[in-house]
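Engineer: Could you look at this predicted model? Sequence included:
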Amino acid sequence: MNTFKPSPVLLAIGKTRLLCIGCFILCLAAGTGTVSRSHGAEPTPEGGPLFHEAAKQFKTMKTTRYQHKTEVDQASGSYRYDCVGFVSYALKQAAPQARESAFKALDIKPGRIPTPGKYAAFFAGLAEKPQQGWQPVSKASELRPGDVVAWERKTATSNGHAVVIASIPVAGPDDTWVVTVYDSTSSPHADDSRKTDERAEPVNEGGKRSGLGHGVMAFTADPKTGVLTGYRWSPKAKTDTCPIAAGRPTS
């Protein structure tokens, strides 16, 4: 009597179907059509011009540090700047028209760069006052790699922050959207590349590694409109509600 032996291909198909069924059962148990995630995705290869510029700087840099004066030497791979210094420099390289229209609208003098609050105000006005090289982005769920998010939050040591989105937002709890970002900072986010990146120099001796890197944070949104309302430095951190807005540089 002949005994039927399934081929390796059929065995592989069967295992794949079992895995899919298992995932489906887990999703049903969670009460959702997708598997929930507690962290942002790795930087995606698809995105706008600013995303690709940020990824290029991160890949090619030899050293980086957070500082308020922008000092960049591409030849040696040295990138030293703060959050808006990074955004402004990246715009100059990848989206010069967007940078020019933003600087003109904000009346930024030669040799100066916008504060996080000014960037946020500029983005907030894009829907009513379109600017060359920019598209408005109001909803947290609509953020895409290459978008810029900026907010104003004045403290004794800071007046806000600006980041470049590096992944598709993932819906989290409490009307949050978890996302990976590129930024220059001395305070790492969750799952932050700077923590183990020897290229990232500390601001002070013995301090945390700083400068350009990527990490995971979350943005909060109005439950009815989906409009950005605040941020969480990491997905599990406390929410800071503040003037916050986003823009998409295109050229």
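Structural biologist: Arrived safely, thanks for sending. Numbers count the residues shown, from 1 in each chain.

Engineer: isn't residue 171 right up against residue 177?
Structural biologist: Yes: look at residue 171 against residue 177 with Cβ atoms under 8 Å: they come within range, at 6.2 Å. C-beta here means a position set from N, CA and C on the backbone, and glycine is covered the same way.

Engineer: Need the overlap of contacts for these two.
Structural biologist: residue 141 (Cβ atoms under 8 Å, 6 or more residues apart in numbering).

Engineer: Tell me which of the two has more neighbours.
Structural biologist: residue 177 (25 against 15; other Cβ atoms under 10 Å).

Engineer: got the residue ranges for the helices in the stretch 51-200 of the chain?
Structural biologist: 83-94, 96-105, 116-124 (DSSP state H, counting those that start in this stretch).

Engineer: what distance separates the first one from the centre of its chain?
Structural biologist: Taking Cα atoms, centre = their mean, to the nearest Å, the mean C-alpha location of helix 83-94 is offset from the chain mean by 14 Å.

Engineer: That one - contacts with which helices or strands?
Structural biologist: Helices and strands touching helix 83-94, by 3 or more Cβ pairs under 8 Å, 6 or more residues apart in numbering; DSSP states H and E, are helix 49-60, helix 96-105, helix 116-124, strand 148-152, strand 160-165, strand 176-185.

Engineer: tell me the mean pLDDT for the third one?
Structural biologist: Spelled out, it's helix 116-124. Taken as a whole, helix 116-124 has a mean pLDDT of 98.

Engineer: now that helix against helix 83-94, angle please.
Structural biologist: Angle, helix 116-124 to helix 83-94, by axes from the mean of the first three to the mean of the last three Cα atoms, to 10 degrees: 50 degrees.

Engineer: For stretch 207-224, list every residue counted as buried.
Structural biologist: The neighbour-count check on stretch 207-224 (16 or more other Cβ atoms under 10 Å) flags 208-221 as buried.

Engineer: Just name the closest of those to residue 86, please.
Structural biologist: Distance ranking of the buried residues of stretch 207-224 against residue 86, using Cβ to Cβ, places residue 212 first at 6.3 Å.

Engineer: Look up how far residue 187 lies from the nearest residue to residue 194 once chain neighbours are set aside.
Structural biologist: Excluding the flanking residues, the one nearest residue 194 by Cβ to Cβ, 6 or more residues apart in numbering is residue 213, at 3.9 Å. Computed as Cβ to Cβ, to the nearest Å, the residue 213 to residue 187 distance reads 11 Å.

Engineer: related to what we said a few turns ago, quick one: the residue nearest to residue 194 and residue 200 touch, right?
Structural biologist: Yes: under the criterion of Cβ under 8 Å, residue 213 makes contact with residue 200 at 5.9 Å.

Engineer: where do the contact lists of the two overlap?
Structural biologist: With Cβ under 8 Å, 6+ apart as the test, residue 213 and residue 200 both reach 64, 193-194.

Engineer: From residue 238, how far off is residue 65?
Structural biologist: From residue 65 to residue 238 the distance is 27 Å (Cβ to Cβ).
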